[in-house]
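In: got a sequence here, can you model it:
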Amino acid sequence: MKRIKFLFPALVLAFLGACSTTQTLPPGGQTTESLVTACTSYASALHALTPFKSKLSATEINYVNQSNALAAPVCANPANYSTSGALQAIITETADLNSILKVNGGK
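Out: Presented below is the predicted three-dimensional model:
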């Protein structure tokens, strides 16, 4: 449980750092811009979960870890993943994190 205590804040900082960098959009970079926005929302959802980490079940913790494994490379370099599939995946992961948050007492 101690690893989880330090894992969430580290992941939040990593995502916030990745999302705060200025992205050079390619021509027609609408998807990249949307992906940066989605990654910012994902990082916010992850950050909102931090105070509730002690309430998360093992299944929820496992899901958050798997979600981060999917989202980390996309959000670290959204220009390399500028597809509607990547965008939809981040949107779905954000919604799922928000559901976990709601179940555990978040708003």
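
In: pLDDT below threshold where in the protein?
Out: 1-29, 107 (pLDDT under 70).

In: so where do the helices sit in it?
Out: Assigned by DSSP state H, the chain shows helices spanning 2-20, 30-49, 58-76, 84-103.

In: centroid residue for the chain?
Out: Centroid-nearest residue in the chain: Tyr42, 3.4 Å away (criterion: CA atoms, centre = their mean).

In: contacting residues around the spatially closest residue to Ile100 that is not a sequence neighbour?
Out: Nearest-residue entry for Ile100: Glu60, 5.2 Å, with adjacent residues in sequence omitted and distances by CB to CB, 6 or more residues apart in numbering. Backbone N, C-alpha and C define where each C-beta goes, glycine included. Glu60 sits next to 100, 103-104 when contact means CB atoms under 8 Å, 6 or more residues apart in numbering.

In: distance of Glu60 relative to Leu101?
Out: According to CB to CB, to the nearest Å, Glu60 stands 10 Å off from Leu101.

In: how many residues are close by the nearest residue to Ile90 once chain neighbours are set aside?
Out: Take Ile90 and drop its neighbours on the chain: the residue closest to it by CB to CB, 6+ apart is Ala38, 4.2 Å away. Using other CB atoms under 10 Å, Ala38 is surrounded by 25 other residues.

In: quick one: Ala38 and Asn104, what's the gap?
Out: In this structure, Ala38 and Asn104 are 22 Å apart, going by CB to CB.
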